[in-house]
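Asks: Have a look; sequence and predicted model below, questions after that.
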Amino acid sequence: MLVIITLLFLTGLFESLPEATLAAVVIAAVIELVDIPSLRRLYGVWTTRLGQIYGLAARADFAAAIAALLGVLIFDTLLGLVIGIGVSMLLLIYRSSRPHVARLAKQGGMWLDIDRHPDLVTRPDAVVVRVEASLIFTNSDHVKSEIEALCTDQTKVVVLDAETSPFVDVSAATMLVQLKSTLAQRGIDFRIARDIGQVRDTIRSTGSTSALELHATIDDALAAYERKVSEGTAD
């Protein structure tokens, strides 16, 4: 209200002020918008592990902030904000398309990422993996390729720990069925463990339940595979 009243009735009071004085008022008002400590904090949100997974996109927030800053300085306020939002969306899509696929090993009652715990020993015949993102159309091919690359000539069973994948879409559900078929051609059994409700519902609604074997825990999945092998051997 004070700004509106000033613009309507009090502009005459500023008529005789030098332009340098008016510029100082604008600078004093705008200088707080340049938050260097926040930029440094955004730049510091980075680890070697994140850099290995996402590369330059590991500092997504910092990159978007710099894009918006340069856009405003070079072009205009509105266009600069649009540039910042665009860069942020592109980085988000890039990161969601390349989620980390971690191979797990058991320690006690927990399954841990062997990249973070290199001292853990994995079973040569079993590959237990965890996708640290939702399974959607943008990353389904990447996840499939990563899981296939982890399999060796010794691999007999692959278990996907779905606990860290809160959502799966139709494309990803189809990919899981295709992955099971591809692995089966190599003599590798594929199972899913610890899937949450939304994942199970999507798999059922797409008709993939009959093709995919779901288990409550990773140990249950491995035990089911071992029973299948022992029954086949007995036959």
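Replies: That came through, no problem. Numbering: from 1, shown residues only.
Asks: Let me know how buried Glu231 is, in neighbour terms.
Replies: 9 (other Cβ atoms under 10 Å). Yep, even glycine has a C-beta here, placed from its N, CA and C like the rest.
Asks: Pull out the buried residues from stretch 99-110.
Replies: Pro99, His100, Val101, Ala102, Arg103, Leu104, Ala105, Lys106 (16 or more other Cβ atoms under 10 Å).
Asks: end to end, how far does that stretch reach?
Replies: 22 Å (Cα to Cα, to the nearest Å).
Asks: neighbouring contacts of that stretch?
Replies: 53, 111-115, 117, 120-122, 127-133, 139, 142-143, 146-147, 150, 161, 218 (Cβ atoms under 8 Å, 6 or more residues apart in numbering).
Asks: Can you flag which of those residues belong to helices?
Replies: Ile53, His142, Val143, Glu146, Ile147, Leu150, Ile218 (DSSP state H).
Asks: And those, which is closest to Gly44?
Replies: Nearest to Gly44 among the ones in helices among the contacts of stretch 99-110 is Ile53, at 17.4 Å by Cβ to Cβ.
Asks: can you pull the pLDDT of that closest one?
Replies: Looking at Ile53, its pLDDT is 82.
Asks: Count the residues that sit near Ser62.
Replies: Ser isn't right for residue 62; it's Phe. The burial count for Phe62: 18, using other Cβ under 10 Å.
Asks: Now, of the contacts of stretch 99-110, which are buried?
Replies: Using 16+ other Cβ under 10 Å, the buried members of these are 53, 111, 113-114, 127-131, 133, 139, 142-143, 146-147, 161, 218.
Asks: ok, back up a step: can I get the buried residues of stretch 99-110 in a markdown table with pLDDT?
Replies: Formatted as a markdown table, the buried residues of stretch 99-110 follow (pLDDT from 0 to 100):
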| residue | pLDDT |
| --- | --- |
| Pro99 | 92 |
| His100 | 92 |
| Val101 | 95 |
| Ala102 | 94 |
| Arg103 | 96 |
| Leu104 | 96 |
| Ala105 | 95 |
| Lys106 | 93 |
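Asks: report the angle between the axes of the longest helix along the chain and helix 140-150?
Replies: Counting residues, the longest helix in the chain under DSSP H turns out to be helix 77-97. Going by axes from the mean of the first three to the mean of the last three Cα atoms, to 10 degrees, helix 77-97 is angled at 40 degrees with respect to helix 140-150.
Asks: what's in contact with helix 77-97?
Replies: Taking Cβ under 8 Å, 6+ apart as the rule, helix 77-97 contacts 54, 57, 60-61, 63-65, 67-75, 133-134, 136, 138-139, 142.
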